[in-house]
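Chemist: with the sequence up front, the predicted model follows.
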Amino acid sequence: MNAVDLADPAAISTEVSRRLLSFARPYWKEISLSMLLSLATTAANIGMMGTSAYLIATAALQPSIAVLQVAIVGVRTFGISRGVFRYLERLVSHSVNFKLLSELRGWFFRAIEPLVPGGVEDLKSGNLLAGSVQDIETLEDFYVRGIAPPIAAAIVTTGVSLFTLQYSISMAGMLAIGLILTGLVLSLQIRSITSRLSRARIQTRTRLSELAVETIDGAAEILMANTVDAHLQKIKTGSRQAKDASLSLSIWYSISLGTGTLISNLTLVGILYLGIPLVRSGQIDGVSLAVLALITLASFEPINLLPSATVKIETSLAAARRLFDLADRPVPIPEPIHPENITHFSNLTIRHLNFTYPGAQKPALFDVSLQITPGKRIAIVGPSGSGKTTLLNIIQHNLPVLSDTVFWNGKDACELDGYSIRGLIGVLSQNAYLFSTSIKENLKLANSYNPNFQSILEEVGLTAWLNSLPNGLDTWLGDNGSQLSGGERQRLLLARTILLNRPLLLADEPFANLDLASEDKLLHLLLQCQPNCAQIIATHRLTGMHLYDEILVLDDGKIVERGTHTDLLITQGLYRRLWEQQTNLIFFDR
Ligand SMILES: Nc1ncnc2c1ncn2[C@@H]1O[C@H](COP(=O)(O)OP(=O)(O)OP(=O)(O)O)[C@@H](O)[C@H]1O
């Protein structure tokens with residue numbers, strides 16, 4: 001949050017409210033309508049109570065029925081219109097509220113998305129889940145209870161006090177004091193008490209969400225390690241803390257409701273205490289006092305909701321603050337001010353690239369240069385930790401680089417639109433995500449317009465398997481493809497990447513968890529598909545190396561050797577040693 005004193009909770013709340021209100025600006029017409037309807041409901045309620053009091057008090061004096069006719073019609077009209085206005089007010093306020101919440105979900109996703117390359121690694125997925133679901137839902141209270149009701153309450157307080165003023169200054173003063181005590185003093189008091197509790201509630205709820213996601217994701221490992229009880233204990237502790245935080249808020253919610261009702265009844269007693277002598281002295285008549293007494297009660301109806309609404313609004317503000325904190329994280333790879341789009345691929349050149357992770361002692365990449373053009377196949381090989389994945393991430397624009405190091409079609413990557421760069425790249429890795437839906441939907445994700453699924457599935461060798469499935473392409477894959485074997489999964493990921501049809505394909509150990517024969521087969525398939533597609537494959541398994549145009553050997557972040565398979569075997573360097581190690585291993589494996 002900009003230019004806000006972070007030590008001042010009031011300043012933070014004001015800034016958070018201002019930002020939340022800015023989302024409501026486009027809906028000002030609907031919000032104004034809901035405010036008008038809220039006012040109309042309260043006015044109808046006050047009218048109904050006032051005319052009822054008039055009717056009952058006048059009827060007690062046994063006048064002719066003609067005298068009561070207008071009041072009878074008034075009670076009916078106010079009674080029916082109150083229900084109609086209340087219904088319309090709820091309809092309008094909830095409709096605008098749902099629109100606002102869906103807008104906020106879109107905004108949150110758009111704000112988080114640019115952070116994903118390298119910006120949310122320190123966050124647990126349960127934290128983001130709590131943000132995108134629970135926190136946004138909590139904001140409902142801010143919009144439903146935070147905008148229209150306080151304004152309607154202020155208008156009611158002013159109107160009813162002015163009306164009472166026509167009868168007596170002291171009674172009007174008493175009523176205004178009661179209304180202000182409840183609507184303002186009690187609300188502010190409750191707010192200062194509950195703001196810390198609201199933050200604690202959001203924190204405990206987030207922690208519980210993190211624990212739940214972690215436990216579900218790691219269920220198999222937890223069972224294997226026999227630590228179910230320890231995890232359940234953590235969840236129980238988290239649940240208890242979340243329950244305690246909610247309970248404290250509920251207690252204050254009830255206290256505020258009860259105190260509001262107490263103040264309204266005390267005000268009524270005060271009005272009667274001041275009014276009865278006035279009736280006795282003939283300054284006002286008894287019927288007017290009855291009307292004023294019931295109007296007093298009715299006017300408290302919207303005001304009484306304010307202190308309890310404050311508790312909910314404080315929780316909304318705490319949730320919003322967390323959302324803004326997440327959304328305001330600095331973008332790790334800022335886009336240029338005037339980004340240039342790149343729509344085709346003719347070459348990628350990397351010149352003397354150095355890269356050091358923040359806080360790392362030594363660079364992960366040092367003086368790396370390469371060039372790739374359409375149709376060229378490059379393999380990046382090297383021991384674990386030599387920098388292969390880092391290099392692929394830099395090409396994907398997932399890590400920040402200095403200008404004058406990475407060039408697309410001769411243009412500096414730092415001046416290009418990051419989304420358009422990623423739009424040129426297809427990525428294949430063993431960790432790629434498969435959505436929990438059908439095979440067809442997962443393939444459509446890559447290219448919903450390509451009806452040519454069957455031929456690509458045939459190409460990657462999945463046809464026989466698909467034919468054996470009763471539901472074929474409509475087979476559900478399970479969470480992240482949990483119902484697939486390693487080979488089926490990798491073939492499906494390969495089919496999805498081919499369907500994506502991007503001019504540059506990056507593959508990071510794509511088939512490493514398969515047996516050597518399957519790996520060999522899929523690597524050949526990958527290299528044969530899309531002849532014009534440039535490919536860079538990072539691997540530490542030296543399978544099919546003779547098929548690559550160039551092999552870069554990385555060691556400790558530096559390219560120590562480069563050339564074709566035959567050249568590198570002759571060189572007698574690291575590549576040759578790695579090759580011999582692997583061929584010996586394969587020999588012993590057999
Ligand atoms: N996010 C990160 N923050 C800090 N250091 C990192 C990060 N990711 C990787 N590194 C470090 O950078 C170096 C290169 O890692 P990288 O993952 O690129 O190697 P690799 O060759 O792909 O390894 P492997 O074959 O095991 O996947 C390693 O020393 C690693 O510890």
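Modeler: Noted; the coordinates are in hand. Residues are numbered from 1 along each chain as shown.
Chemist: quick one, what contacts the residue nearest the centre of the chain?
Modeler: For the chain, the residue nearest the mean C-alpha position is S132 (2.4 Å; Cα atoms, centre = their mean). When contacts are counted by Cβ atoms under 8 Å, 6 or more residues apart in numbering, S132 is found next to R105, F108, F109, I112. C-beta: built from backbone N, CA, C; applies to glycine.
Chemist: and the end-to-end length of stretch 397-405?
Modeler: Taking Cα to Cα, to the nearest Å, stretch 397-405 runs 12 Å from one end to the other.
Chemist: buried residues in it, which are they?
Modeler: Within stretch 397-405, the residues that count as buried by 16 or more other Cβ atoms under 10 Å are H397, N398, L399, V401, T405.
Chemist: give me the nearest residue to the third one, chain neighbours excluded.
Modeler: For L399, the nearest residue in space outside its immediate sequence neighbours is N393; the separation is 4.8 Å by Cβ to Cβ, 6 or more residues apart in numbering.
Chemist: confirm that that neighbour sits in a strand.
Modeler: No: under DSSP: H, G, I helix; E, B strand; the rest coil, N393 falls outside any strand and is assigned helix.
Chemist: so it makes contact with V401?
Modeler: No: the criterion here is Cβ atoms under 8 Å, and N393 misses it with V401 at 10.1 Å.
Chemist: dihedrals phi and psi, S161?
Modeler: Per-residue torsions, S161: phi -60, psi -40 (degrees, to the nearest 10).
Chemist: okay, the closest residue in space to it that isn't next to it in sequence: pLDDT?
Modeler: Counting by Cβ to Cβ, 6+ apart, A176 is the residue found nearest to S161 once chain neighbours are left out, at 4.3 Å. In this model, A176 is scored at 93, pLDDT.
Chemist: quickly find the element holding A176.
Modeler: helix 169-180 (DSSP states H and E).
Chemist: who are the packing partners of the next helix or strand along the chain from that helix?
Modeler: Counting by DSSP H and E, the next helix or strand C-terminal to helix 169-180 is helix 187-217. Using 3 or more Cβ pairs under 8 Å, 6 or more residues apart in numbering; DSSP states H and E, the elements in contact with helix 187-217 are helix 125-130, helix 228-280, helix 286-327.
Chemist: for stretch 509-527, which positions count as buried?
Modeler: E509, P510, F511, L514, S518, E519, K521, L522, L523, L525, L526, L527.
Chemist: look up how far E519 lies from the third one.
Modeler: In this structure, F511 and E519 are separated by 4 Å, where distance is defined by Cβ to Cβ, to the nearest Å.
Chemist: just the last one next, same as before
Modeler: Counting by Cβ to Cβ, the separation of L527 from E519 is 12 Å.
Chemist: ok so, going back, in PyMOL, how would I select just the buried ones from the contacts of S132?
Modeler: The PyMOL selection below is limited to those of those classed as buried (16+ other Cβ under 10 Å):
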select buried, resi 108+112
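Chemist: out of the contacts of S132, which sit inside helices?
Modeler: R105, F108, F109, I112 (DSSP state H).
Chemist: my understanding was that the last one contacts L326; is that so?
Modeler: Yes: taking Cβ under 8 Å as the definition, I112 is a contact partner of L326 at 6.7 Å.
Chemist: mutual contacts of these two, please.
Modeler: Common neighbours of I112 and L326 (Cβ under 8 Å, 6+ apart) are L128, G131.
Chemist: and which of the buried residues of stretch 397-405 is nearest to Q241?
Modeler: N398 (36.2 Å; Cβ to Cβ).
Chemist: the ligand contacts on the chain?
Modeler: Y357, A360, A364, G382, S384, G385, S386, G387, K388, T389, T390, H540 (Cβ under 6 Å from any ligand atom).
Chemist: now the element after the lowest-mean-pLDDT helix or strand in the chain, going C-ward?
Modeler: Across the helices and strands of the chain, mean confidence by mean pLDDT, DSSP states H and E is lowest for helix 125-130: a mean of 71. Per DSSP H and E, the first helix or strand lying C-terminal to helix 125-130 is helix 136-138.
Chemist: show me where the stretch 451-590 of the chain has its helices.
Modeler: If DSSP state H, counting those that start in this stretch is used as the criterion, the helices of the stretch 451-590 of the chain fall at 453-459, 463-467, 486-500, 516-528, 565-571, 574-589.
Chemist: which of those helices sits most buried?
Modeler: helix 486-500 (a mean of 22; mean count of other Cβ atoms under 10 Å).
Chemist: who are the packing partners of that one?
Modeler: Using 3+ Cβ pairs under 8 Å, 6+ apart, helix 486-500 is in contact with strand 425-429, helix 439-446, helix 453-459, helix 516-528.
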